[in-house]
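> Whatever this is, show me its structure:
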Amino acid sequence: MNQVPIRYIGFWDIPRVFLAVYQKHTFLFDCAFDAELDDYPDFYRVYLLPELKEEDLPTDWTTLRSRATRYLGEISVGQVHFDPSKRQSIDVAIFKELGVQKAVAG
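Numbers count the residues shown, from 1 in each chain. Purely as a prediction, here's the structure:
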């Protein structure tokens with residue numbers, strides 16, 4: 001498996017909001033708690049973000065989606081393959097499933 005590192009905030013069985021840099025682009029995977037469901041949804045909303053410096057990261061990462069340059073869609077939580085610890089990296093295959101080559105090109 002080819003992996004890319006992640007940075008996350010919020011962990012409930014898996015990272016619920018995390019960032020991954022793939023091919024020099026930053027992606028936000030957002031699976032924030034849903035008060036109506038009283039649970040976490042079973043999907044991530046995925047966004048393309050501009051380059052962010054450490055000091056650009058807000059305390060509340062659930063606001064990061066407001067900085068997105070593009071919304072890429074939803075993917076099921078099960079489609080994201082984490083490393084065994086579920087805290088360090090994800091398989092890059094998910095970016096192909098998201099159609100990232102097209103998304104970052106235009």
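> Let me see the contact set for the residue lying farthest from the centre of the chain.
Farthest-out residue of the chain from its mean C-alpha position, per CA atoms, centre = their mean: Glu36, at 21.8 Å. Listed by CB atoms under 8 Å, 6 or more residues apart in numbering, Glu36 has no contact partners. Just so you know, the C-beta spots here come from the backbone N, C-alpha and C atoms, and that holds for glycine as well.
> and what of the one 10 residues further on?
Val46 makes contact with Phe27, Leu28, Phe29, Asp30, Tyr71, Leu72, Gly73, Glu74, Ile75, Leu98, according to CB under 8 Å, 6+ apart.
> likewise Asn2?
Asp91, Val92, Ala93.
> ok, and the closest non-adjacent residue to the first one?
Right, the one you point to is Asp91. His81 (4.0 Å; CB to CB, 6 or more residues apart in numbering).
> now swap in Ser76 and tell me
Phe43 (5.2 Å).
> sorry, back to before: can you pull the pLDDT of the residue farthest from the centre of the chain?
Here, the pLDDT recorded for Glu36 equals 93.
> Kind regards, and thank you for your time.
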